[in-house]
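> Next input, structure requested:
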Amino acid sequence: MDNLVQMEWANAAGLWVGFIFTLLIFSALLGDHLLARLAQYVLVGAVLGYAVVVTWQSILASDVATSLRTAPQEKPWNWIPVLLAVVMTIAGLERIFAPGRAPSRQSAAWGRGLRALGAIPALALVSIGAAVTLVGAVQGTLAPQFLSAARSDLTWGAEGPGPITGILVLVLTVTALLFFVIDADRHLEQQPIWVQRPMRVLLWFGQRALWLAAGAIFARLLASRLSLLAAELAHWSYTLQSTTLGQMLERWWRIVIGA
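Numbers count the residues shown, from 1 in each chain. Reported below is the predicted structural model:
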């Protein structure tokens with residue numbers, strides 16, 4: 001019985017803490033103040049702590065341990081990422097905890113060598129991540145979107161808004177890509193006027209297309225956040241009604257309104 005009471009009070013405390021922090025974070029819309037920043041700091045700290053725990057459990061405690069167990073016999077090349085991770089970690093710790101005073105010539109050479117070794121896995125990680133992101137953006141987003149727009153039914157005899165939609169999507173896709181690639185002030189100044197004018201028109205359309213896309217994304221984000229807030233409030237109200245405190249508040253409210 002005592003355990004049930006403790007669990008109920010713990011659930012009620014967690015419910016109220018979550019509700020209060022939700023309101024504090026949402027109150028940042030009214031202006032920047034101390035309580036909103038405190039709630040944001042707590043949220044960021046909790047997310048970082050959760051990320052560290054998940055990283056430890058899903059990567060360090062499983063993948064690294066598995067690699068170390070299987071490396072000597074079955075897969076000796078599994079030592080390579082482990083060694084690179086250790087070198088990068090040691091180089092980072094040396095840079096963080098390096099003494100503030102001027103180091104000696106020997107320690108300075110040791111620090112430079114260690115940082116040079118640590119830069120190898122860091123550069124490999126950044127370059128591989130950038131390559132994967134670029135290839136994924138081209139293959140998963142840009143190329144399918146362009147092909148879908150190019151394969152639209154552009155025949156004027158088609159029913160509905162097919163031709164107009166296909167042409168509009170194709171123009172907006174091309175102009176948005178041109179706006180990302182071409183800098184008008186740097187790339188068009190030396191070009192003849194018959195090249196500058198149409199390119200500037202295309203860049204103008206591309207800029208407006210990006211503004212339209214950004215506005216739509218912002219509107220969707222705002223709508224989703226408001227939906228999350230409404231769902232959080234509904235969950236808080238439903239959970240509160242099932243607790244002893246919620247039942248007491250309900251009886252008190254009925255007494256107040258005379259129901």
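> Enumerate every residue touching L117.
Listed by C-beta atoms under 8 Å, 6 or more residues apart in numbering, the contact partners of L117 are 87, 91. All C-beta spots, glycine's among them, are computed from the backbone N, C-alpha and C.
> quick one, phi/psi of it?
Per-residue torsions, L117: phi -70, psi -40 (degrees, to the nearest 10).
> For A130, see how far away it is.
Counting by C-beta to C-beta, to the nearest Å, the gap from L117 to A130 is 21 Å.
> Ok, I255 next?
In this structure, I255 and A130 are separated by 65 Å, where distance is defined by C-beta to C-beta.
> same thing with P121?
In this structure, P121 and A130 are 15 Å apart, going by C-beta to C-beta.
> The two: who's more crowded?
Neighbours per residue (other C-beta atoms under 10 Å) separate P121 from A130, with P121 holding more: 19 against 10.
> surely the more buried one meets M88?
Yes - applying C-beta atoms under 8 Å, one finds P121 in contact with M88, separated by 4.4 Å.
> Now do F180 against E189, distance only.
Distance of F180 to E189, computed by C-beta to C-beta: 19 Å.
> can you check L240 too?
65 Å.
> more crowded one of these two?
L240 (17 against 9).
> tell me which element that one is part of?
Under the criterion of DSSP states H and E, L240 resides in helix 193-241.
> and that helix, average pLDDT?
Taken as a whole, helix 193-241 carries a mean pLDDT of 83.
> Next up, the contacts around G49.
By C-beta under 8 Å, 6+ apart, the contact set of G49 is empty.
> Can you dump the C-alpha atoms of the helix or strand hosting it in PDB for me?
Of the helices and strands defined by DSSP H and E, G49 is found in helix 34-55. Taking C-alpha atoms only, helix 34-55 is exported to PDB below (Å, rounded to 0.1, in the frame of the first residue of the first chain):
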ATOM      1  CA  LEU A  34      14.800  34.300 -16.200                       C
ATOM      2  CA  LEU A  35      12.300  31.500 -15.700                       C
ATOM      3  CA  ALA A  36      12.000  30.700 -19.400                       C
ATOM      4  CA  ARG A  37      15.800  30.600 -19.600                       C
ATOM      5  CA  LEU A  38      16.000  28.300 -16.600                       C
ATOM      6  CA  ALA A  39      13.400  25.900 -18.100                       C
ATOM      7  CA  GLN A  40      15.400  25.900 -21.400                       C
ATOM      8  CA  TYR A  41      18.600  25.200 -19.500                       C
ATOM      9  CA  VAL A  42      17.000  22.300 -17.700                       C
ATOM     10  CA  LEU A  43      15.600  20.900 -20.900                       C
ATOM     11  CA  VAL A  44      18.900  21.100 -22.700                       C
ATOM     12  CA  GLY A  45      20.700  19.500 -19.800                       C
ATOM     13  CA  ALA A  46      18.200  16.700 -19.600                       C
ATOM     14  CA  VAL A  47      18.400  16.100 -23.400                       C
ATOM     15  CA  LEU A  48      22.300  16.100 -23.300                       C
ATOM     16  CA  GLY A  49      22.300  13.700 -20.300                       C
ATOM     17  CA  TYR A  50      19.800  11.400 -22.100                       C
ATOM     18  CA  ALA A  51      22.000  11.500 -25.200                       C
ATOM     19  CA  VAL A  52      25.100  10.600 -23.200                       C
ATOM     20  CA  VAL A  53      23.300   7.700 -21.600                       C
ATOM     21  CA  VAL A  54      22.000   6.400 -24.900                       C
ATOM     22  CA  THR A  55      25.400   6.800 -26.500                       C
END
